[in-house]
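1. Kindly generate the corresponding structure for this input.
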Amino acid sequence: MFEKSHYYLLKKEIVEAEKHYLQSTIELSGNNNLFSTYYLGILNFGNGEFDKALPWIQKTIAHENTTYINIQAYCRIVAALIHYEQNNFSILESSLQNMNYFMKKNNFHTPYLKNVALLISKLTSLSSEKEKEKHFKKIIEVGNEMNETELKNFHSYFHTLDIVVWAQSKVNKLSYAQQLVKSSVNRK
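-> Predicted coordinates:
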């Protein structure tokens, strides 16, 4: 299982990677460092450091002239999840609207992202813990179906932060990292 020693080691590695990245002078355009900012955001998210994850995700979104618009679209989903974790529901909705606009503007159509956005958006209208848990279970069910149909033969970075694992972490009251480890162990 994910132990405290793993958490501190991961946190130390993330801090070192961030320090290295911030010392570089590579501009945020083209595909330069897109994956560095993306993975630093995902790592901080997995570590439960949402305040640190959001600026990295925003840097990924801000890249100009990149060919990885799929990642930039998905980062808007990740930003929405971060805002959910921070109880910023109006900003969550704004992130999802921004994703829809971005996809339309770039003529990038993927039912997976639209479905995930709808599932996440529904969370803002639920008030009781019982309603939320029921909806997280629906996210797990629909997410597993989409993973088997829409993403089965599709190489994607959408698996980097798995919406199913995120929803499972909410149901099981674990951190994303703890649930990821638990899910990985159960798949073996």
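
2. can we go C-alpha only for contacts and neighbour counts from here?
-> Noted.

3. Strands along the chain, start to end?
-> Using DSSP state E, the chain contains no strands.

4. what residue lies at the spatial centre of it?
-> In the chain, the residue lying closest to the centroid (CA atoms, centre = their mean) is Val78, at 3.2 Å.

5. Could you tell me the per-residue confidence at that residue?
-> Each residue has a pLDDT score; the one for Val78 is 95.

6. Let the chain start at 13 from now.
-> I'll keep to 13 as the first residue from here, and by that count the last item is Val90.

7. For it, which residues are in contact?
-> The neighbours of Val90, taking CA atoms under 8 Å, 6 or more residues apart in numbering as the test, are Ile69, Leu173.

8. Could you measure from it over to Glu141?
-> 22 Å (CA to CA, to the nearest Å).

9. With Ala74 instead?
-> Ala74 is 35 Å from Glu141, where distance means CA to CA.

10. More neighbours: which of those two?
-> More crowded of Ala74 and Glu141, by other CA atoms under 10 Å: Ala74, with 14 against 9.

11. Could I get the contacting residues of the nearest residue to Tyr96 once chain neighbours are set aside?
-> Nearest residue to Tyr96 in three dimensions, chain neighbours excluded: Leu104, at 6.3 Å (CA to CA, 6 or more residues apart in numbering). Going by CA under 8 Å, 6+ apart, Leu104 touches Ala91, Ala92, Leu93, His95, Tyr96, Ser133.

12. Worst mean pLDDT across the helices and strands of the protein, which element?
-> helix 16-35 (a mean of 64; mean pLDDT, DSSP states H and E).

13. burial count for Asn56?
-> 21.

14. do the same with Val176
-> 23.

15. Could you count how many residues lie near His121?
-> When counting by other CA under 10 Å, one arrives at 12 neighbours for His121.

16. Distance-wise, check it relative to Glu76.
-> 19 Å.

17. And the helices in this protein?
-> Along the chain, the segments classed as helices by DSSP state H run 16-35, 46-58, 62-74, 81-97, 101-117, 123-134, 141-161, 175-184, 188-199.

18. Quick one: distance of the longest one to the chain centre.
-> If I follow you right, that is helix 141-161. Distance, stretch centre to chain centre, for helix 141-161: 16 Å (CA atoms, centre = their mean, to the nearest Å).

19. For stretch 176-195, which residues meet the burial criterion?
-> 176-183, 187-192, 194 (16 or more other CA atoms under 10 Å).

20. Next, the distance between the ends of it.
-> 10 Å.

21. before we move on, the earlier item: whichever of the contacts of Leu104 end up buried, select them in PyMOL.
-> Listed next is the PyMOL selection for buried residues among those, using 16+ other CA under 10 Å:
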select buried, resi 91+92+93+95+96+133
